[in-house]
Structures are given as C-alpha cells and as structure tokens.
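Undergrad: Sequence below, structure please.
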Amino acid sequence: MTTRTIAGRTVRVDDEGFFEDPGQWDEELAAELAREAGITELTDRHWQVIRYMRKEYAEKGTGPTVRALGKSSGVSVKELYELFPKGPAKLAAKIAGIPKPRGCV
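TA: Sure, this is the predicted structure:
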C-alpha cells in the first residue's frame, strides 16, 4: 500500500493507483482522476457509470466487468469505450474510487 495526493488530499492506493478505501473518495477526487486520464469533463453519462460502479462495489464487493457494465448500467459497451477509453471497466473503477474489478488485466 502507498499513499498519493489527489486534489490536495492524501489517499491510500494500491500499486496500480486504485483506492484501497473507497470511503476516501468523493466527486472532486473523481474529477481530478478523470483529468489525469485525459477526460476533461465528466458528463452525466460518465456519472451514470461511476455511480453504478460504486453501487455494484457496495453490493457485491467488486466492480462489474465491461460486459456486465454494458448489460446493466444503461450505457452500451460501445459508448463505454467512448466515455472511458483504454479499458472502460478498469478506468471507470479507478475514477469511481473502487478497487480494480476482478478479471481486469
């Protein structure tokens, strides 16, 4: 475990930068993480996915895979890749402040 300063706050992250404690997350941190990933603005569709990721993590202890996300979040897989390039489940999880979903490489 290591720490990292994001938006002026210190948070605990793993070796890949995923939050160790999702309780440390808030929307300001999400916006900063998105900017770091090249997403200049989080739209309503981004927030729909982010909130869904957090809900799934709270209920199941892991975030959904891309396939499950595309089936149940209300956002198609094609749009997920447009919103979160370079691996939508992994990037959305990072921005949502949850650990990397099982099955993500």
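Undergrad: where are the low-confidence patches of this structure?
TA: Within the chain, the segments meeting pLDDT under 70 span 1, 103-105.
Undergrad: So for the spatially most central residue of it, what's the nearest residue that isn't a sequence neighbour?
TA: In the chain, the residue lying closest to the centroid (CA atoms, centre = their mean) is Ala93, at 2.4 Å. Spatial nearest neighbour of Ala93, chain neighbours left out: Gly63 (4.5 Å); criterion: CB to CB, 6 or more residues apart in numbering. To be clear about C-beta, it is placed using only N, CA and C from the backbone, and glycine gets the same treatment.
Undergrad: Relative to Gly97, how far out is that neighbour?
TA: Separation of Gly63 from Gly97 (CB to CB, to the nearest Å) stands at 10 Å.
Undergrad: more crowded one of those two?
TA: Between Gly63 and Gly97, counted using other CB atoms under 10 Å, Gly63 has the larger neighbour count: 28 against 25.
Undergrad: Counting by contacts, list what the host helix or strand of the residue nearest to the centre of the chain packs against.
TA: Element membership of Ala93, judged by DSSP states H and E, is helix 88-96. If you count contacts as 3 or more CB pairs under 8 Å, 6 or more residues apart in numbering; DSSP states H and E, helix 88-96 packs onto helix 27-36, helix 44-60, helix 66-72, helix 77-83.
Undergrad: go again using 6 Å as the cut-off
TA: Contact analysis of helix 88-96 by 3 or more CB pairs under 6 Å, 6 or more residues apart in numbering; DSSP states H and E lists helix 27-36, helix 44-60, helix 66-72 as its packing neighbours.
Undergrad: Turn these into CSV, columns for mean neighbour count.
TA: Below are the helices and strands packed on helix 88-96 laid out as CSV (neighbours: other CB atoms under 10 Å):
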stretch, mean neighbour count
helix 27-36, 17
helix 44-60, 16
helix 66-72, 16
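Undergrad: Apart from its chain neighbours, what residue comes closest to Val66?
TA: Ala89 (4.5 Å).
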